[in-house]
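Student: Need a 3D model of the following:
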Amino acid sequence: MVSTAIYAPEPVRRRAEGDAVHDPTYAAEIRATPPVVAPGAQWDLLARHHAVTTVSLLAEHDSGAPPPSSTIDDLQYGVTVTPQGAAGWTGTPSSLREFIVLARSGPGAPWRISAINTSG
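Tutor: Residues are numbered from 1 along each chain as shown. The predicted structure follows:
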């Protein structure tokens, strides 16, 4: 079984009110984009160890992001994913950086995720 999880850091969840977290256009883009490759060696390793992953997030400052406005906010998070499996097995942690753009139609409107880019 292949599973995909989209996570949102706590500050994003607090801002994105209701169930519709993604901007409708961005949500449609996600649904229309099939996976590029099949699971590979890393997936097989995790499956052999009956592994789950723990994710830690660290809010970071994106020096290249524009200042937030009442309708757009750019967020950056450092993400570390650590696989942990049966019998005490722990895999090599991987790190990446998430750049999340929040948008809303106006002050007081709910925040929506309009883009997520990953580096690393």
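Student: give me the low-pLDDT residue ranges for the protein?
Tutor: 1-21, 37 (pLDDT under 70).
Student: where exactly do the helices run in it?
Tutor: 10-15, 24-32, 41-48 (DSSP state H).
Student: same for the second one, what does it pack against?
Tutor: What it means is helix 24-32. Judged by 3 or more C-beta pairs under 8 Å, 6 or more residues apart in numbering; DSSP states H and E, helix 24-32 is in contact with strand 112-119. C-betas here are computed from N, CA, C, even on glycine.
Student: closest to G88 out of the helices of the chain?
Tutor: Nearest of the helices of the chain to G88, taken as C-beta to C-beta: helix 41-48 at 14.5 Å.
Student: who's in contact with the closest one?
Tutor: Here helix 41-48 makes contact (C-beta atoms under 8 Å, 6 or more residues apart in numbering) with 2, 51, 53, 83, 85, 91.
Student: try 6 Å this time
Tutor: Defining contact as C-beta atoms under 6 Å, 6 or more residues apart in numbering, one finds that helix 41-48 is touched by P83.
Student: Over to stretch 64-72?
Tutor: Here stretch 64-72 makes contact (C-beta under 6 Å, 6+ apart) with 74, 103-104, 107.
Student: Buried residues of it, list them for me.
Tutor: By neighbour count on 16 or more other C-beta atoms under 10 Å, the buried set for stretch 64-72 is empty.
Student: before we move on, back to that, let me know which of the helices of the chain is tucked in deepest.
Tutor: Mean neighbour count (mean count of other C-beta atoms under 10 Å) peaks for helix 10-15 among the helices of the chain, with a mean of 14.
Student: quick one: buried residues of the longest strand along the chain?
Tutor: Counting by DSSP state E, the longest strand found in the chain is strand 72-84. Neighbour-count burial for strand 72-84, with 16+ other C-beta under 10 Å as criterion, is recorded at 73, 75-77, 79, 82-83.
Student: angle of that strand against strand 112-119?
Tutor: Interaxial angle, strand 72-84 versus strand 112-119 (axes from the mean of the first three to the mean of the last three C-alpha atoms, to 10 degrees): 50 degrees.
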